[in-house]
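Trainee: no sequence on this one, just coordinates:
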């Protein structure tokens, strides 16, 4: 059996540490693992399968003799290092936004568009966490009845902004309970001029604002959904509208999804439940009589996507509501990244084509 040298870029972050755990549990036969991060994190010792591994500062030469790179160190680091990794013969799965909208880079959720992996030129992009769980939930419905329109409102956990954001949320909560002023330095966007507390609050801004008044997070959900489900980020076949809100939950995104199908002939709420129940990577939790529905606190630590509150719109035949929850650091990031790598290995696609990404 062939074994693979795997590098994790951003190994000390909230997603990177979970990538290590997911890689330990994966079907990938790992020969050697290399943990990479910024110079300030170099020298830290982490574990992989019970063995100590020292974190190294990332350089282009870090990727010599590496077969697979799993990256979650921020867009700037991915843009700087992943083309270098590909030049050295590695295939990279990137969890940042750096390459998602690049037409040469497949944007993949294995349960939805696994076939796109074969189109890679050395880099495969992992979608935004909020997009992933929504398209996983809608995939079985799309296959049976098509989709005309999606309207989604998200309730996104603080951990989506990184490890330091988790600490800020904890600190704010304690400050509030102590009757002290809450200190905000990160939310809603660290690079923006104004910061607001997330604890005991809701922030209707994730990422920067676009000229049309939407946030970049909302823009991503629209165009990533189209690229994943239709193969074209601007395809008008499915209309997508998103409102993204940060909520004071540590881990686990919730989403209220309203959708209209193309063909409602053989569809009703019960049929949608059955499609979800048997869908790939989905768990149905939908029993109003027993107050059973998905909750972030129960999804934490799991790689499935949970769906409930399925019901028809009585005012608009062919339209439905559902509620989707997933662990944003696992299914929304680390687990999906490792699943893509597993598919690369399974289909013998861990090789860089002659027309590799960035070749001059």
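Mentor: Great, that's in hand. Bear in mind that the values here come from a model prediction, so they are computed numbers and not experimental data. Residues are numbered from 1 along each chain as shown.
Trainee: and the spatially closest residue to residue 205 that is not a sequence neighbour, how far is that from residue 55?
Mentor: Among residues not flanking residue 205 along the chain, residue 188 sits closest, at 4.1 Å (C-beta to C-beta, 6 or more residues apart in numbering). C-betas here are computed from N, CA, C, even on glycine. Distance, residue 188 to residue 55, by C-beta to C-beta, to the nearest Å: 30 Å.
Trainee: please apply the same query to residue 118.
Mentor: 33 Å.
Trainee: centre of the chain versus the host helix or strand of residue 343, how much separation?
Mentor: Assigned by DSSP states H and E, residue 343 falls within helix 335-346. Distance, stretch centre to chain centre, for helix 335-346: 13 Å (C-alpha atoms, centre = their mean, to the nearest Å).
Trainee: run through who's touching it.
Mentor: For helix 335-346, the external contacting residues (C-beta atoms under 8 Å, 6 or more residues apart in numbering) are 4, 6, 18-19, 22-23, 26-29, 68, 70, 72, 91, 93, 95, 108-110, 114, 117, 120, 124, 126-127, 132, 303, 327, 349-350.
Trainee: quick one, which of these are buried?
Mentor: 4, 6, 18-19, 22-23, 26, 28, 68, 70, 72, 91, 93, 95, 108-110, 114, 117, 120, 124, 126-127, 132, 303, 327, 349-350 (16 or more other C-beta atoms under 10 Å).
Trainee: take those and keep only those in strands.
Mentor: Taking DSSP state E as the definition of strands, the buried ones among the contacts of helix 335-346 contribute 4, 6, 68, 70, 91, 93, 124.
Trainee: can you redo these as JSON lines with pLDDT and distance to residue 338?
Mentor: Formatted as JSON lines, these follow (pLDDT from 0 to 100; distance: C-beta to C-beta, whole Å):
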{"residue": "4", "pLDDT": "98", "distance to residue 338": "12"}
{"residue": "6", "pLDDT": "98", "distance to residue 338": "10"}
{"residue": "68", "pLDDT": "98", "distance to residue 338": "10"}
{"residue": "70", "pLDDT": "98", "distance to residue 338": "7"}
{"residue": "91", "pLDDT": "98", "distance to residue 338": "13"}
{"residue": "93", "pLDDT": "98", "distance to residue 338": "8"}
{"residue": "124", "pLDDT": "98", "distance to residue 338": "12"}
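Trainee: distance to residue 244 for the residues you listed - can I get that in TSV?
Mentor: Formatted as TSV, these follow (distance: C-beta to C-beta, whole Å):
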residue	distance to residue 244
4	36
6	32
68	31
70	26
91	31
93	24
124	24
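Trainee: just name the closest of those residues to residue 174, please.
Mentor: The closest of those to residue 174 turns out to be residue 70 (C-beta to C-beta; 33.7 Å).
Trainee: quick revisit: so which of the buried ones among the contacts of helix 335-346 sit within helices?
Mentor: 18, 19, 22, 23, 110, 132 (DSSP state H).
Trainee: so what's the last one up against?
Mentor: By C-beta under 8 Å, 6+ apart, residue 132 lies in contact with 109, 126, 305, 326, 331, 332, 336.
Trainee: so the third one is in contact with residue 131, correct?
Mentor: Yep, that's residue 305 we're talking about. No - assessed by C-beta atoms under 8 Å, residue 305 is found out of contact with residue 131, at 11.8 Å.
Trainee: domains of the protein?
Mentor: Using automatic domain parsing, the domain parsing of the chain gives 4-126+334-346, 131-328.
Trainee: so residue 145 sits right up against residue 268, yeah?
Mentor: No - if you go by C-beta under 8 Å, residue 145 and residue 268 don't touch, sitting 10.7 Å apart.
Trainee: residue 118 and residue 55: which is more packed in?
Mentor: Counted by other C-beta atoms under 10 Å, residue 118 and residue 55 do not tie: residue 55 has more neighbours, with 20 against 11.
Trainee: so who does the more buried one touch?
Mentor: By C-beta under 8 Å, 6+ apart, the contact set of residue 55 is 11, 12, 35, 36, 37, 41, 42, 43, 44, 45, 46.
Trainee: please report how far residue 60 lies from residue 81.
Mentor: 7 Å.
Trainee: equivalent analysis for residue 170, please.
Mentor: Computed as C-beta to C-beta, the residue 170 to residue 81 distance reads 31 Å.
Trainee: ok, those two, which is more surrounded?
Mentor: Legend: neighbour count by other C-beta under 10 Å for residue 170 and residue 81, higher for residue 81 (22 against 13).
Trainee: ok, for that one, nearest residue in space, not its chain neighbours?
Mentor: Nearest non-adjacent residue to residue 81, counting by C-beta to C-beta, 6+ apart: residue 58, 5.9 Å away.
Trainee: and if you look at residue 127?
Mentor: Per C-beta to C-beta, 6+ apart, closest to residue 127 is residue 224, 4.9 Å.
Trainee: all set now, cheers.
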